[in-house]
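**Q** predicted model, plus sequence, below.
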Amino acid sequence: MIAPTTLQTPPELPRDVAWLVERAALDDETRDALGAVADVSALVRALLGLGRPAEALRVTACALPPREGIWWAWVAARHGTQAAEARRAQAAPAAHVAALTATERWVLQPTDAHRRAAWDAAQAAGLDTTAGCVAGAVFFTGGRVTPPDGPNVPAPPGVHVTLAATGVLLAAIATDKSRLGELAGAFAEQGAAVAQRLGGWDAAVAAARHAFETQVHEQAEASKPKAPDHLGRAA
């Protein structure tokens, strides 16, 4: 007689780790392979160990608040752009340089005008490039995605995270695709250093979570039906 298979319940993850796993949209196979993960650093290391560099970078991006996350992605994009420039022995396309400049300008002064200028630069560079992807992430950190005088359509929650993480992954590929895992690990370590400047992963995730929930709230408020104007009320 064959003994019945014992189903093992996956270990319960700490609150921050569970939130990041959900936010980073890790698939079931990856979740099951993680095992017991004590904190954010362990989660990132586990993903890199499983050969999931894209997921490790996505978790890192999710764990950083918008401005710091864009700064992290910009550093990686600048490195990837310069590495590609050196390998090809020719200057980086002007549009890529402009996208990096626009991103840096927003990081230093996160105004709405700079946010919109970063989007224009991203489109010129292309969202299939590291510089363009990171500049595109700036546009979705907050504010509205419609023209300034248009209807209030807030940036969809979390889109900037996807673009920032993709930009960092493209930076690793642009640097040396054959060393993707190693470079992703190095960029993830840079993300951890940014988190340390904020007071550690707990503080970083708390700020990232607040920013995400703010975007969710703003979208919900903008989606509510507008009350009719009572212009015909009697005086």
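**A** Looks like it came in fine.
**Q** Ala33 against Leu47, yeah?
**A** No. Using Cβ atoms under 8 Å, Ala33 makes no contact with Leu47, being 9.2 Å away. In this view, the C-beta of every residue, glycine as well, is placed from N, C-alpha and C.
**Q** neighbour count winner among those two?
**A** In terms of neighbours (other Cβ atoms under 10 Å), Leu47 is the more surrounded of Ala33 and Leu47; the figures are 28 against 15.
**Q** can you tell me the element the residue nearest to that one when sequence neighbours are not counted falls in?
**A** Excluding the flanking residues, the one nearest Leu47 by Cβ to Cβ, 6 or more residues apart in numbering is Ala56, at 3.9 Å. For Ala56, the element it lies in under DSSP states H and E is helix 53-62.
**Q** just to revisit the earlier point, do you know how far the residue nearest to Leu47 is from Val37?
**A** 12 Å (Cβ to Cβ, to the nearest Å).
**Q** between those two, who's got more neighbours?
**A** Taking neighbours as other Cβ under 10 Å, Ala56 and Val37 compare with Ala56 leading, 28 against 20.
**Q** the more buried one and Ser41 touch, don't they?
**A** No. At 10.9 Å, Ala56 does not count as touching Ser41 under the criterion of Cβ under 8 Å.
**Q** by contact count, what packs against the helix or strand of the chain with the lowest mean pLDDT?
**A** When each helix and strand of the chain is scored by mean pLDDT, DSSP states H and E, helix 28-34 comes last, with a mean of 90. Secondary-structure packing of helix 28-34 (3 or more Cβ pairs under 8 Å, 6 or more residues apart in numbering; DSSP states H and E): helix 40-49.
**Q** so, low pLDDT: which residues of this protein?
**A** The model of the chain has pLDDT under 70 over residues 1-11, 227-235.
**Q** now do the contacts for the closest residue to Ala207 other than its chain neighbours.
**A** Of all residues not flanking Ala207 in the chain, Pro65 sits nearest, at 3.9 Å (Cβ to Cβ, 6+ apart). Listed by Cβ atoms under 8 Å, 6 or more residues apart in numbering, the contact partners of Pro65 are 198, 204, 207-208, 210-211.
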